[in-house]
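> here you go, sequence then predicted model.
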Amino acid sequence: MKDRRVILGVTGSIAAYKAAELTGSLVKEGAEVTVIMTEAAQRFVSSLTFETLARRPVVTDMWTRTPYREPVHVELAEWADLMIVAPASANFIGKFANGIADDMLSCMALAVSEPPVIAPAMNDAMYRHAAVQENLVKLKQRGCRIVEPAEGRLASGKIGVGRLAPLDDILAVIRDALSKRAR
(Lines give C-alpha, C1' and ligand atoms only; values in the text may rest on other atoms or scores of the structure.)
Protein backbone atom coordinates (compact mmCIF):
# COMPACT_ATOMS: atom_id res chain seq x y z
CA MET A 1 0.00 0.00 0.00
CA LYS A 2 3.02 2.25 0.12
CA ASP A 3 2.43 5.57 -1.62
CA ARG A 4 -1.18 4.74 -2.45
CA ARG A 5 -3.94 7.28 -1.90
CA VAL A 6 -7.08 6.12 -0.17
CA ILE A 7 -10.36 7.82 0.62
CA LEU A 8 -12.02 6.29 3.66
CA GLY A 9 -15.71 7.07 4.04
CA VAL A 10 -17.12 6.66 7.54
CA THR A 11 -20.89 6.51 8.08
CA GLY A 12 -23.15 6.55 11.12
CA SER A 13 -22.71 3.20 12.80
CA ILE A 14 -21.47 2.09 16.19
CA ALA A 15 -18.67 0.45 14.19
CA ALA A 16 -17.31 3.91 13.27
CA TYR A 17 -14.74 3.53 16.05
CA LYS A 18 -13.26 0.58 14.15
CA ALA A 19 -12.67 2.86 11.16
CA ALA A 20 -10.16 4.72 13.33
CA GLU A 21 -8.15 1.52 13.70
CA LEU A 22 -8.49 0.92 9.95
CA THR A 23 -7.12 4.42 9.32
CA GLY A 24 -4.12 3.72 11.54
CA SER A 25 -3.45 0.41 9.77
CA LEU A 26 -3.61 2.01 6.33
CA VAL A 27 -1.23 4.78 7.37
CA LYS A 28 1.13 2.26 8.98
CA GLU A 29 1.27 0.40 5.65
CA GLY A 30 2.27 3.61 3.89
CA ALA A 31 -1.03 4.81 2.43
CA GLU A 32 -2.09 8.44 2.39
CA VAL A 33 -5.61 8.48 3.80
CA THR A 34 -8.24 11.18 3.47
CA VAL A 35 -11.28 10.54 5.65
CA ILE A 36 -14.76 11.72 4.76
CA MET A 37 -17.29 11.50 7.57
CA THR A 38 -21.05 11.77 7.37
CA GLU A 39 -22.89 13.89 9.89
CA ALA A 40 -24.12 10.72 11.59
CA ALA A 41 -20.58 9.30 11.81
CA GLN A 42 -19.50 12.40 13.73
CA ARG A 43 -22.01 11.49 16.45
CA PHE A 44 -20.05 8.30 17.11
CA VAL A 45 -16.41 9.42 16.64
CA SER A 46 -14.78 12.84 16.45
CA SER A 47 -13.23 14.02 13.21
CA LEU A 48 -10.18 14.97 15.29
CA THR A 49 -9.53 11.27 15.88
CA PHE A 50 -9.21 10.65 12.15
CA GLU A 51 -7.29 13.86 11.48
CA THR A 52 -4.74 12.83 14.10
CA LEU A 53 -4.39 9.28 12.77
CA ALA A 54 -4.31 10.21 9.08
CA ARG A 55 -2.34 13.43 9.55
CA ARG A 56 -4.60 15.01 6.93
CA PRO A 57 -7.69 17.21 7.06
CA VAL A 58 -11.00 15.37 7.46
CA VAL A 59 -13.89 16.34 5.22
CA THR A 60 -17.18 16.49 7.11
CA ASP A 61 -19.61 18.26 4.81
CA MET A 62 -20.04 19.83 1.41
CA TRP A 63 -20.15 23.44 2.52
CA THR A 64 -17.26 23.91 4.92
CA ARG A 65 -14.16 25.42 3.34
CA THR A 66 -11.25 22.99 3.18
CA PRO A 67 -7.61 23.18 2.12
CA TYR A 68 -8.60 21.35 -1.06
CA ARG A 69 -9.45 23.07 -4.31
CA GLU A 70 -13.11 23.38 -5.09
CA PRO A 71 -15.08 21.30 -5.81
CA VAL A 72 -13.60 19.03 -3.15
CA HIS A 73 -15.27 15.81 -4.32
CA VAL A 74 -13.82 16.24 -7.81
CA GLU A 75 -10.28 16.98 -6.60
CA LEU A 76 -10.24 14.09 -4.15
CA ALA A 77 -11.80 11.69 -6.66
CA GLU A 78 -8.96 12.44 -9.06
CA TRP A 79 -6.39 12.17 -6.23
CA ALA A 80 -7.50 8.76 -4.92
CA ASP A 81 -6.33 5.32 -6.00
CA LEU A 82 -9.17 3.69 -4.07
CA MET A 83 -12.23 4.59 -2.03
CA ILE A 84 -13.45 2.48 0.88
CA VAL A 85 -16.61 2.98 2.93
CA ALA A 86 -16.29 1.27 6.30
CA PRO A 87 -18.60 1.10 8.07
CA ALA A 88 -21.22 1.49 5.36
CA SER A 89 -24.68 2.10 6.80
CA ALA A 90 -27.93 1.02 5.15
CA ASN A 91 -28.57 4.71 4.48
CA PHE A 92 -25.32 5.16 2.55
CA ILE A 93 -25.75 1.88 0.66
CA GLY A 94 -29.27 2.89 -0.40
CA LYS A 95 -28.23 6.35 -1.51
CA PHE A 96 -25.20 5.13 -3.44
CA ALA A 97 -27.07 2.27 -5.13
CA ASN A 98 -29.70 4.73 -6.32
CA GLY A 99 -27.40 7.57 -7.37
CA ILE A 100 -28.39 9.98 -4.61
CA ALA A 101 -25.66 12.51 -3.87
CA ASP A 102 -26.88 14.73 -1.04
CA ASP A 103 -23.77 14.83 1.14
CA MET A 104 -20.01 14.82 0.59
CA LEU A 105 -19.59 11.06 0.97
CA SER A 106 -22.34 10.16 -1.50
CA CYS A 107 -21.03 12.77 -3.96
CA MET A 108 -17.55 11.30 -3.63
CA ALA A 109 -18.78 7.76 -4.21
CA LEU A 110 -20.31 8.89 -7.51
CA ALA A 111 -17.23 10.92 -8.51
CA VAL A 112 -14.50 8.29 -8.13
CA SER A 113 -13.55 6.46 -11.31
CA GLU A 114 -13.22 3.00 -9.76
CA PRO A 115 -16.04 1.36 -7.79
CA PRO A 116 -15.47 1.65 -4.04
CA VAL A 117 -14.93 -1.13 -1.52
CA ILE A 118 -18.01 -1.29 0.72
CA ALA A 119 -17.98 -2.85 4.21
CA PRO A 120 -21.54 -2.85 5.58
CA ALA A 121 -22.27 -2.67 9.31
CA MET A 122 -25.77 -2.51 10.75
CA ASN A 123 -28.44 -4.33 12.73
CA ASP A 124 -29.06 -7.86 11.45
CA ALA A 125 -32.71 -7.17 10.55
CA MET A 126 -31.63 -4.11 8.55
CA TYR A 127 -28.89 -6.09 6.81
CA ARG A 128 -31.32 -8.89 5.86
CA HIS A 129 -33.99 -6.46 4.62
CA ALA A 130 -34.84 -6.97 0.94
CA ALA A 131 -34.12 -3.33 0.10
CA VAL A 132 -30.59 -3.49 1.54
CA GLN A 133 -29.90 -6.83 -0.15
CA GLU A 134 -31.16 -5.49 -3.51
CA ASN A 135 -28.98 -2.41 -3.13
CA LEU A 136 -25.93 -4.56 -2.38
CA VAL A 137 -26.64 -6.65 -5.49
CA LYS A 138 -26.80 -3.43 -7.57
CA LEU A 139 -23.47 -2.29 -6.17
CA LYS A 140 -21.83 -5.68 -6.84
CA GLN A 141 -23.13 -5.57 -10.42
CA ARG A 142 -21.48 -2.15 -10.79
CA GLY A 143 -18.12 -3.56 -9.69
CA CYS A 144 -18.08 -2.67 -6.01
CA ARG A 145 -16.30 -5.11 -3.76
CA ILE A 146 -18.50 -5.89 -0.78
CA VAL A 147 -16.74 -7.06 2.38
CA GLU A 148 -19.56 -9.05 3.94
CA PRO A 149 -20.37 -8.31 7.58
CA ALA A 150 -19.55 -10.82 10.28
CA GLU A 151 -21.79 -12.65 12.70
CA GLY A 152 -21.48 -11.78 16.36
CA ARG A 153 -22.77 -9.57 19.14
CA LEU A 154 -24.42 -6.47 17.72
CA ALA A 155 -24.89 -3.09 19.40
CA SER A 156 -28.36 -4.24 20.49
CA GLY A 157 -26.81 -7.10 22.43
CA LYS A 158 -28.35 -9.58 20.01
CA ILE A 159 -26.24 -12.12 18.10
CA GLY A 160 -26.59 -11.83 14.33
CA VAL A 161 -24.98 -10.93 11.00
CA GLY A 162 -24.25 -7.24 10.68
CA ARG A 163 -21.00 -6.58 12.53
CA LEU A 164 -18.31 -4.82 10.53
CA ALA A 165 -16.05 -7.46 8.98
CA PRO A 166 -12.77 -8.06 10.82
CA LEU A 167 -10.23 -5.38 9.91
CA ASP A 168 -7.81 -7.99 8.55
CA ASP A 169 -10.51 -9.06 6.06
CA ILE A 170 -11.12 -5.46 5.00
CA LEU A 171 -7.39 -4.80 4.67
CA ALA A 172 -6.97 -7.93 2.52
CA VAL A 173 -9.66 -6.70 0.10
CA ILE A 174 -8.08 -3.22 0.02
CA ARG A 175 -4.62 -4.67 -0.71
CA ASP A 176 -6.06 -6.84 -3.49
CA ALA A 177 -8.00 -3.95 -5.03
CA LEU A 178 -4.94 -1.68 -4.98
CA SER A 179 -2.73 -4.38 -6.49
CA LYS A 180 -5.11 -4.61 -9.47
CA ARG A 181 -5.28 -0.86 -10.08
CA ALA A 182 -2.55 0.87 -12.03
CA ARG A 183 -1.38 4.26 -10.87
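Cool, got the structure.
> so where do the strands sit in this protein?
For the chain, the strands defined by DSSP state E occupy 5-10, 32-37, 82-88, 117-120, 145-146, 150-153, 159-163.
> now the fourth one: mean pLDDT?
In other words, strand 117-120. Strand 117-120 carries an average pLDDT of 98.
> and the pLDDT for the residue sitting nearest the centre point of the chain?
With distances taken as C-alpha atoms, centre = their mean, the residue of the chain nearest its centroid is Val85 (1.2 Å). Listed pLDDT for Val85 reads 98.
> which residues touch it?
Contacts here follow C-beta atoms under 8 Å, 6 or more residues apart in numbering; on that basis Val85 touches Leu8, Gly9, Val10, Thr11, Phe92, Phe96, Leu105, Ala109, Pro116, Val117, Ile118, Ala119. Using the backbone N, CA and C atoms, a C-beta is placed for each residue, glycine as well.
> so the helix or strand bottoming out on mean pLDDT in the chain versus strand 32-37, what angle?
None of the helices or strands of the chain scores lower by mean pLDDT, DSSP states H and E than helix 72-79, at a mean of 77. Orientation of helix 72-79 against strand 32-37 (axes from the mean of the first three to the mean of the last three C-alpha atoms, to 10 degrees) gives an angle of 150 degrees.
> phi, psi of the closest residue to Ala165 other than its chain neighbours?
Closest residue to Ala165 in three dimensions, ignoring its sequence neighbours and counting by C-beta to C-beta, 6 or more residues apart in numbering: Val147, at 4.6 Å. Note on Val147: its backbone torsions stand at phi -90, psi 100 [degrees, to the nearest 10].
> next, the contact list for Val147, please.
For Val147, the contact set (C-beta under 8 Å, 6+ apart) comprises Ala86, Val117, Ile118, Ala119, Pro120, Ala165, Asp169, Ile170, Val173.
> quick check: it vs Gly9, distance?
Applying C-beta to C-beta, to the nearest Å, the value for Val147 to Gly9 is 13 Å.
> and what of Met104?
9 Å.
> which residues are common contacts for the two?
Here Met104 and Gly9 have Ile36, Thr38 as joint contacts, going by C-beta under 8 Å, 6+ apart.
> show me where pLDDT drops low in the protein?
The chain contains residues with pLDDT under 70 at 63-72, 182-183.
> okay, helices next: where are they in it?
Using DSSP state H, the helices of the chain run over residues 16-28, 47-54, 72-79, 90-97, 104-111, 124-128, 130-141, 167-179.
> nearest to Ile36, out of these?
The minimum distance between Ile36 and the helices of the chain falls on helix 104-111, with 5.0 Å, by C-beta to C-beta.
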